[in-house]
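Q: Just the structure for this:
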Amino acid sequence: MVTEPVTPPQAKLINRSSVDDMYKLIYADLQFSTSVLSRTRFVSTSTELGRPTLWASEALLAKVYLTRGDKTSAIPLLGDIILNSGHTLLTYYAD
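A: Here you go, the predicted structure:
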């Protein structure tokens with residue numbers, strides 16, 4: 001696991017990290033991003049389109065939880081996205 005810039009010779013000396021250590025880093029990064037990103041609801045005319053939001057971070061964190069089989073941690077995040085993000089499904093499938 002590399003968390004800071006390294007030179008090619010330094011990179012050759014770094015051993016592999018465990019899967020659990022990698023997921024700890026992923027969890028920490030996503031939990032940090034959910035604490036600092038904007039809670040601005042989605043509006044299609046927003047000047048902020050394309051910028052990361054709390055909702056994107058929560059969705060990715062929920063996906064990681066589901067990948068690891070942790071449904072109980074994913075459900076509150078997904079519920080928050082559905083209720084508060086402003087994103088909706090289209091009424092007609094063809095759209």
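Q: secondary structure class for Thr91?
A: coil (DSSP: H, G, I helix; E, B strand; the rest coil).
Q: Count the residues that sit near it.
A: Residues lying near Thr91 (other C-beta atoms under 10 Å) number 6. Where C-beta positions appear, they are placed from N, C-alpha and C, glycine not excepted.
Q: Then Met1?
A: So Met1, with other C-beta under 10 Å, has 11 neighbours.
Q: One more: Leu61?
A: Neighbour tally, Leu61, other C-beta under 10 Å: 21.
Q: per-residue confidence averaged over the strand or helix carrying it?
A: In this assignment (DSSP states H and E), Leu61 forms part of helix 54-67. If you average the pLDDT over helix 54-67, you get 94.
Q: What residues of the helix or strand just after that helix count as buried?
A: The C-terminal neighbour of helix 54-67 among helices and strands, as given by DSSP H and E, is helix 71-84. Buried positions in helix 71-84, judged by neighbour count with 16 or more other C-beta atoms under 10 Å: Ala74, Leu77, Leu78, Asp80, Ile81.
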